[in-house]
Structures are given as structure tokens and as C-alpha cells.
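Colleague: predicted model, plus sequence, below.
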Amino acid sequence: MNPAIVIDSSSELPQKLYPKYNIFPLGYVIRDSNDETHKERIQVQTLQTNKLLSIISNDKNAQLFAPSIKDFVELYTFLSEEFDSIISIHSSFATPVVFENALVAKKLVSEISIDVIDTHTLGSSSGLFVEELSKFIVEAKNINEIRKETISLDKHINSFIITKNEHLNLTGLKKIDWRKSLTKSLKTYSLYNYFQTNWNILSNSRNTNKLFYKIQEKLSIIIKNKDLKNVFYTSSKNFSKDTKFTLSKMRKVPRTEAKPSLVAYYLLGDDSFDISFI
């Protein structure tokens, strides 16, 4: 196999890993309040996410637009000239429109074999999922092996998120405007856990110390029962002390500080903590 891996930029994966695993990202587009558009992807394997994050953090009326069917078709066609297959990884949970666009584009491109992989991961867990699956794809002999590994990874990745978004569930994502969902829930933080492919709310509190304690308590139990092999995390600056203490419980485990994606900013806000491990 000589596959290319396509992701959308909601997967919080360090860009330095793109060339290593033949990963090609599709970026989002921001339309600001002056009706100017800003593209996240500036080259085939280069994103300017930080620049767009700066725009939307200073412009409450900025709108986020997902990669289009045309974007997918153009990238798939471009990759067909060099690779013999494409593994396209997207989240029907966090970005259902993107996932659907990938499925439609697959039908429109006949020059290459395309497999659209679904995951329910979000934020740091999406980056962890892509990195672990990419490692496997390099050694995989056929697509069936990759499909089986996808199911296994989704089941074994564990994640905790602290956010002010109280609507972090599939129904909420479809019905609630991403930005409005944050402005309506400023009083209380919610703690979510991703386990066995499902996001569940564990607790609500104005006191984030209590939520971090819950995470640390659960981490201690998990670490006693199994060895962790990889950790991804993101954190707002105001949670730096709690983040450092939480990470201290996993000193011997490789850790990657992921950069927040545009999607994560809209869903989790700029006042959140997100850690994932396997």
C-alpha cells in the first residue's frame, strides 16, 4: 500500500508530522464581520491556524465555514497522481458536515480508492487518534486491517474536557450555533469524558479545582491498572497550574501539547482544558 492520509484541521495534530505520515490537511475558512474571507490552508501541507484564531478571538461575528465538497474533490484528485489509495479521517460527531462532504466527494473521484474513516473524537483526542492510526497505516497490509484498527482505537482512547459549553453532544452540535452555545453557558464549567466512543458529562461546577480533582482521581485509577503509551493535551493559560499537576501523574508517558483547532475554539472556547490518552 502507498496511501495518503487526508484530515480536516479539526484534528489537533502537530504539522511537523504531516510529511512523516503523508498527511494532507483540509483547512477551514473564516468570514469576518467586514465580509472578508481568510483561508486556513496556505499550502498543501501548511496551515495558518494561529492567524485565524487571532481573527475570530477578536471578532465575535466571524463565521466558520467547513471544507467544501469541491475542496475534497480537488485534494483527492491531486493525491491520485502520486498515491494508490486515500484514507480520509473525519469526525461525524464534531464536524458532521465535513464528514458528509468527504463521503460525497468520494463518489465523485474515481481515479483512486478512497476510504472515509469516522471517529467521534474531538480536540486533543482527534490528534491522538490520527497519530496512532497513522503509525498503524504505515505498516498495514490492506484496508481491512486499517478499518479494524480504527474501531479499536476509537474504543481505547480516553479523554477529559473541561469547558463552558454545556451542549457538547451530538444533538447539540446539530441544533445549536457553535458560538452561541458558549455565550449561553458562562456561569458553570462542565466536565466531559470520552470513553468507548461516547461523550458523557461527568459533572458541572463553578469550581474548576473540583473538576480537575475528578480527572486526577480517575487518572490515578487508570494508571494503576494499565500502562499509558501516548498523551495529547491542550490548556488555557489560566489552567496552567492544574495542567502541570495533572501531567505530573504521567511523567513517563510521551506527551504532546496540541495546538487548539478552529473547531475546538468554537466548541470549547478559549477557557478550557482537554487531555486524551491511550
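Modeller: Done, it's in.
Colleague: use CA for all of it now, contacts and neighbours both
Modeller: Will do.
Colleague: quick check: bridge partners of the closest residue to Pro3 other than its chain neighbours?
Modeller: Residue nearest to Pro3 in three dimensions, not counting chain neighbours: Ser85, with 4.6 Å by Cα to Cα, 6 or more residues apart in numbering. Applying DSSP bridges to Ser85 gives these bridge partners: Pro3, Ser113.
Colleague: Phe24 versus Ser85, what's the distance?
Modeller: Distance from Ser85 to Phe24, counting by Cα to Cα, to the nearest Å: 13 Å.
Colleague: so for the two, which residue has more residues nearby?
Modeller: Phe24 (23 against 20; other Cα atoms under 10 Å).
Colleague: which residues does the more buried one bridge with?
Modeller: Val6.
Colleague: was I right about it contacting Ser9?
Modeller: No: using Cα atoms under 8 Å, Phe24 makes no contact with Ser9, being 9.5 Å away.
Colleague: in the chain, which helix or strand is least confident?
Modeller: Within the chain, no helix or strand scores below helix 170-175, which has a mean of 45 by mean pLDDT, DSSP states H and E.
Colleague: per-domain residue ranges of the protein.
Modeller: 3-155, 158-277 (automatic domain parsing).
Colleague: please compute how far the last one lies from its chain's middle.
Modeller: With Cα atoms, centre = their mean, to the nearest Å as the basis, the distance from the averaged C-alpha position of domain 158-277 to the chain average is 12 Å.
Colleague: what stretches of the stretch 51-200 of the chain score poorly on pLDDT?
Modeller: 169-187 (pLDDT under 70).
Colleague: residues near the closest residue to Asn22 other than its chain neighbours, how many?
Modeller: Of all residues not flanking Asn22 in the chain, Ala4 sits nearest, at 5.4 Å (Cα to Cα, 6+ apart). A total of 24 residues lie near Ala4 under the criterion other Cα under 10 Å.
Colleague: so for Ala4, what's the pLDDT?
Modeller: Looking at Ala4, its pLDDT reads 97.
Colleague: ok, it touching Ile86?
Modeller: Yes: the criterion here is Cα under 8 Å, and Ala4 meets it with Ile86 at 4.8 Å.
Colleague: before we move on, back to that, got any residues that touch both of Ser85 and Phe24?
Modeller: Ala4 (Cα atoms under 8 Å, 6 or more residues apart in numbering).
Colleague: if we can go back for a sec, residue contacts, the residue nearest to Asn22?
Modeller: Neighbours of Ala4 in contact, by Cα under 8 Å, 6+ apart: 21-24, 79, 83-87.
Colleague: just give me the closest of those to Arg255.
Modeller: Tyr21 (18.8 Å; Cα to Cα).
Colleague: show the pLDDT at that closest one.
Modeller: 97.
Colleague: in which helix or strand does the residue nearest to it when sequence neighbours are not counted reside?
Modeller: Among residues not flanking Tyr21 along the chain, Ser134 sits closest, at 6.2 Å (Cα to Cα, 6+ apart). Using DSSP states H and E, Ser134 sits within helix 124-139.
Colleague: and Asp271, by the same measure?
Modeller: Asp271 belongs to no helix or strand, assigned by DSSP H and E.
Colleague: and the nearest residue to it once chain neighbours are set aside, how many neighbours does it have?
Modeller: Leaving aside its sequence neighbours, Asp271 sits nearest to Ser236 (Cα to Cα, 6+ apart; 5.5 Å). Other residues near Ser236 number 14, with proximity taken as other Cα under 10 Å.
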